[in-house]
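In: dropping the sequence and predicted coords here.
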Amino acid sequence: MSEQKSLFDELPPPPSYSEIHGAPSTADAQNPTEPSAPPVHLMENYEGYGELRNEPVEPPPYTPPAGPHIPPIPVDQQRPATEEEAREALLELISTKCCWSVRPARELVITDLVGKSITHYSLQSWTEIRATSWDSEPYTGDHVDWCPPNQAPPNPWEVPVHVPSAFSQLERSVRVPRTESVKLCFKCNGIGRQPCWNCRGSSHIRCNFCHGRGRERRDRMNSSHNNFTSCRFCNGSGSQACFTCNGSGNILCKTCRGFGKIKCFIKLTITWKTHLDNHIDLPLVPENLIKQAAGVVVVQDERDRVTPIDYSRGGVTEASRKFVNQHATSWPLELIRRQKQVVRVIRVTECKYVWDGNQGTFYVIGDEMKAYCSDYPKKCFCSCSIL
């Protein structure tokens, strides 16, 4: 092994990767993504469009029409769950828990059932965001929507766009009318081709087989000085034809696809999103269980702009005023297209029990009778850890 090491020490050190003619730098190690948007400083300026850096455009002011008052629907007194329903709901909960013993649920004595009503108020605001930016595509000689003299393109919020169904989450892009123009490709200066990113235009890269040394061993088991010969892949040059450009040194321009010209235009990106706020008056159980539970809808108000609800129970009036005012001012760069507020009453039964001399409480929630128990005894009986 020592003799073999000394023979290799006599070989000239291989050149560094950057010293090989045509080797790409670290930044060029992968094919860079070609930007489709032309440089902003080369483009026209249109009134109302600012710098066109894909930032939201402030919507026009909007005065909502006065809407009708939506009276709440009377709700009958919610009956509590029966003892049989409560125990069945608890057993159903335990069947979904791998480490909860079923014994306490079967043996516990229910001492009291108290019916409660939890009020859930929610406000949704469906908004629209419009952002503008420059974009381009290869120009193949097709029609160009120029901006006529003494005219201007429509304002970003005047561009007609098909509005999807309310409260859908969607993003769509359209071309702003009268903003197209034809220019030489900014990436290839109108040539249609670019220097190869892999060989940097030299048409050759370092030989991958000999790593730029230009020679290889005839026999890997033979360590003599005469065992080396010229690399059969690069013929001793240490470099080989670039496989990316097939040795031509240039590749097709991805921006103009070889046509040399691009059609530039303003792209309008429209995003629809929903903002949601919830108010729950009695925090007896986790909020997500109340949101998912079936209940009685006492108020449902959906229109372009809602007004605060006057509902005496559960602090809904205060929550409605707070959320409606917040939604009206929280997103100045978004246009509220639709709002919906709902008041629901969910019945909850508080079930008190005794088991093995200990007292506890669990809850039965909603019309579907889902149980929740945070202090259930014997949660783990198999020595496993519960997260």
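Out: Received it, and whenever you're ready, just let me know what you need.

In: excluding chain neighbours, what is closest to R313?
Out: Excluding its sequence neighbours, the residue lying closest to R313 (C-beta to C-beta, 6 or more residues apart in numbering) is T119, at 5.4 Å. Where C-beta positions appear, they are placed from N, C-alpha and C, glycine not excepted.

In: what's around the one you found, how many residues?
Out: Counted with other C-beta atoms under 10 Å, residues neighbouring T119 total 22.

In: what's the first helix or strand after the helix or strand containing G115?
Out: Using DSSP states H and E, G115 sits in strand 109-138. Remark: after strand 109-138, the chain's next helix or strand is strand 170-175, criterion DSSP H and E.

In: now the angle from that next one to strand 109-138?
Out: 10 degrees (axes from the mean of the first three to the mean of the last three C-alpha atoms, to 10 degrees).

In: against which helices or strands is strand 170-175 packed?
Out: On a contact count with 3 or more C-beta pairs under 8 Å, 6 or more residues apart in numbering; DSSP states H and E, strand 170-175 meets strand 261-280.

In: counting neighbours, which bits of whichever helix or strand comes after the strand it packs on end up buried?
Out: Once the chain leaves strand 261-280, the next helix or strand it forms, by DSSP H and E, is helix 287-292. Within helix 287-292, the residues that qualify as buried are 289-290, counting by 16 or more other C-beta atoms under 10 Å.

In: give me the contact list for helix 287-292.
Out: For helix 287-292, the surrounding residues in contact (C-beta atoms under 8 Å, 6 or more residues apart in numbering) are 118, 120, 122, 278, 280, 346, 365, 370, 372.

In: all helices of the chain, in order?
Out: With helices called from DSSP state H, the chain shows them at 2-9, 83-94, 103-107, 287-292, 316-329.

In: quick one: mean pLDDT for the third one?
Out: Within the predicted structure, the mean pLDDT of helix 103-107 is 89.

In: pLDDT below threshold where in the stretch 201-350 of the chain?
Out: Within the stretch 201-350 of the chain, the stretches with pLDDT under 70 are 218-227.

In: sorry, back to before: so in that sheet, which strands flank the strand holding G115, and in what orientation?
Out: Using DSSP bridges, strand 109-138 pairs in its sheet with strand 53-56 (antiparallel), strand 261-280 (antiparallel), strand 335-355 (antiparallel).

In: from the chain's centre, how far out does it sit?
Out: Distance of strand 109-138 from its chain centroid, counting by C-alpha atoms, centre = their mean, to the nearest Å, is 17 Å.

In: then stretch 132-139?
Out: Taking C-alpha atoms, centre = their mean, one finds stretch 132-139 lying 24 Å from the centre of the chain it belongs to.

In: show residues contacting it.
Out: Residues from elsewhere that reach stretch 132-139 (C-beta under 8 Å, 6+ apart): 36-38, 40, 43, 49-50, 52-55, 57, 156, 176, 182, 255-259, 261-269.

In: alpha carbons of it, as PDB, please.
Out: Output in PDB follows, covering the C-alpha atoms of stretch 132-139 (Å, rounded to 0.1, in the frame of the first residue of the first chain):
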ATOM      1  CA  THR A 132     -49.800  43.900 -11.200                       C
ATOM      2  CA  SER A 133     -46.500  43.000 -12.700                       C
ATOM      3  CA  TRP A 134     -44.700  42.900 -16.000                       C
ATOM      4  CA  ASP A 135     -44.700  39.600 -17.900                       C
ATOM      5  CA  SER A 136     -43.600  38.500 -21.400                       C
ATOM      6  CA  GLU A 137     -43.900  35.700 -23.900                       C
ATOM      7  CA  PRO A 138     -42.100  34.900 -27.100                       C
ATOM      8  CA  TYR A 139     -43.300  37.000 -30.000                       C
END
